[in-house]
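Enquirer: What shape does this take:
(chains A, B, C and D)
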There are 2 protein chains.
Amino acid sequence: MMKTGTRTRQRIMAQALQLFNERGTDAVSLRDLAQALGISHGNLCYHFANIDALIGALYEELADHMSKLVSGAVASAETISPGQGLGFVRLSFEKLFDYRFLLLDFVRIMRRLPEVKARYQELASVRRQQFGLLLAALHAGGWLKEESFQGQYALWAEQALLMGDFWIASGEILYTGDPADRISHYVKVFTASLAPLLTEQGLQDIGWGKE
Amino acid sequence: MMKTGTRTRQRIMAQALQLFNERGTDAVSLRDLAQALGISHGNLCYHFANIDALIGALYEELADHMSKLVSGAVASAETISPGQGLGFVRLSFEKLFDYRFLLLDFVRIMRRLPEVKARYQELASVRRQQFGLLLAALHAGGWLKEESFQGQYALWAEQALLMGDFWIASGEILYTGDPADRISHYVKVFTASLAPLLTEQGLQDIGWGKE
DNA sequence: TGTATTTTAGTACAAATGTTCTAAAATTGT
DNA sequence: ACAATTTTAGAACATTTGTACTAAAATACA
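Expert: The predicted model follows:
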């Protein structure tokens, strides 16, 4: 039991992800989606009662991917270098880009799905702590300068969260370069926010050293 | 001629701004708005054909305010100090917050109103140049360090645009402090991104110096 | 004051969307 | 192979929303 069913469910989610990313959640109706899939919209409603249920399911999918990424990074946090940290940032950015509709419509989705908002807030709080751990580890390894003013690291974490969540939205409007370089570009912008905090050793590690 | 009319138009825009900020543009219909104003929705349509026309008009209003602010800042750009620059940032942030619905729904609005998107992209390009001028002026005044790597200033400008556009959206989800301190908080986050580029003299000027 | 114009209210209509329901078809497990 | 369950298609319904239209009211102007 439940075999073709789950397969259909996954087909629906994959197609929804694609359409959401292309047009935005508010420009995709259940009927549009059913038509794109070649199934009846009655059938679609059997699997997902409405658009919000689909969004919720896709958020869960992204959250699963992200927490796997995070647990991988945390495992090696003790001995991490800035370059490795930024490698993790790139992987995160790539995954977020796969689910970009969520971040392009961030506020509206969070307003409409309070349970997603609550889960995201937890996640953000965890990420904040992890940034703290990461910075502490980098500092211990001699990669990071001392704070040049009180609370600098915490404020940097704030920036990092903001940029991590909204680089896609900003790029959707302002990025005009080669689409293939988009993620790299924003990893670079992100890196530039960290760079001033790094020691010369740290800059060398990410390849931005003096010589 | 046209006296009570323009007054009504302004009343509509003021009420729309309030409702949009509270609920988001997609949760406000012409009928909701008419009801809140105590007028018929037929009348409302006489002034604004649809929600998009209202959004466009409010964007123009914000753009006017912002360009006045910008021309004021540009006038004193030659002799500007970091503290004055951040004062301008605060004024900008306050004005943006008044029209926050635009930034909370940024991507969706830009997708739906291509003419607004085009105008915004021009504005962003101007702002980018102004950041460049600002940084050059600060550097000339001895407030700013040399670039510690190639392209650092340009990348900082990129960050500044991103944060300037999305601090409101981020705060809508994540900020849990005193609402009255919200703008100050994000000015501080913004400041923290500039601080590592400042000379000791620059840090003194913004009150973040060593002693 | 009287006429032309602008503004307003109210109604009606069309399109889209989420939602519900029924019955047929397919699949599963015994 | 048969019964139970899941899945699917399709129709029907209610609601919302933008839009258009008409006629009355208010206003401006000469």
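Enquirer: excluding its backbone neighbours, what's nearest the closest residue to DNA strand C within chain A?
Expert: Per Cβ to the nearest atom of the strand, the residue of chain A with the smallest distance to DNA strand C is A:N50, at 2.8 Å. Glycine gets a C-beta too; all of them are placed from N, C-alpha and C. Leaving aside its chain neighbours, A:N50 sits nearest to A:L30 (7.0 Å; criterion: Cβ to Cβ, 6 or more residues apart in numbering or on different chains).
Enquirer: now do A:G72
Expert: Closest residue in space to A:G72, ignoring its immediate chain neighbours: A:F88 at 7.9 Å, by Cβ to Cβ, 6+ apart.
Enquirer: Wait, the one you found touches A:K68, no?
Expert: No. Taking contacts as Cβ atoms under 8 Å, A:F88 lies outside contact range of A:K68: 11.9 Å.
Enquirer: Show me the helices in chain A, by range?
Expert: Residue ranges of the helices in chain A, as given by DSSP state H, are A:4-23, A:30-37, A:41-47, A:51-75, A:82-98, A:100-104, A:106-112, A:114-140, A:152-174, A:182-194, A:200-205.
Enquirer: Report the contact partners of the most centrally placed residue in chain A.
Expert: Nearest residue to the geometric centre of chain A (Cα atoms, centre = their mean): A:L96, 3.5 Å. Neighbour list for A:L96: A:62, A:66, A:103, A:164, A:168 [criterion: Cβ atoms under 8 Å, 6 or more residues apart in numbering or on different chains].
Enquirer: Let me see the confidence value for it.
Expert: With respect to pLDDT, A:L96 scores 96.
Enquirer: got the contact list for the residue nearest to A:N50?
Expert: Each residue near A:L30 by Cβ under 8 Å, 6+ apart is listed here: A:41, A:44-45, A:48, A:50-51.
Enquirer: I'd like to know which of those residues is nearest to chain B.
Expert: Minimum distance to chain B across the contacts of A:L30 is 12.4 Å, recorded for A:I51 (Cβ to the nearest Cβ).
Enquirer: For that closest one, grab the count of nearby residues.
Expert: Using other Cβ atoms under 10 Å in any protein chain shown, A:I51 has 17 neighbouring residues.
Enquirer: I figured it was touching A:T25, is that so?
Expert: Yes. Here A:I51 reaches A:T25: they are 6.4 Å apart, a contact under Cβ under 8 Å.
Enquirer: rewinding a little: wait, which of the helices of chain A is closest to B:E146?
Expert: helix A:200-205 (14.2 Å; Cβ to Cβ).
Enquirer: buried ones in that closest one?
Expert: Buried residues in helix A:200-205, counted by 16 or more other Cβ atoms under 10 Å in any protein chain shown: A:202-205.
Enquirer: Relative to the whole chain's centre, how far out is that helix?
Expert: Remark: helix A:200-205 is offset 26 Å from the chain centroid, using Cα atoms, centre = their mean, to the nearest Å.
Enquirer: Do you know the pLDDT at the closest residue to A:L123 other than its chain neighbours?
Expert: Nearest non-adjacent residue to A:L123, counting by Cβ to Cβ, 6+ apart: A:A63, 6.8 Å away. The model reports A:A63 with a pLDDT of 93.
Enquirer: any idea how far A:A63 is from A:L102?
Expert: 10 Å (Cβ to Cβ, to the nearest Å).
Enquirer: Give me the more crowded residue out of the two.
Expert: A:L102 (24 against 17).
Enquirer: And the more buried one, how far from A:K68?
Expert: Taking Cβ to Cβ as the measure, A:L102 falls 17 Å from A:K68.
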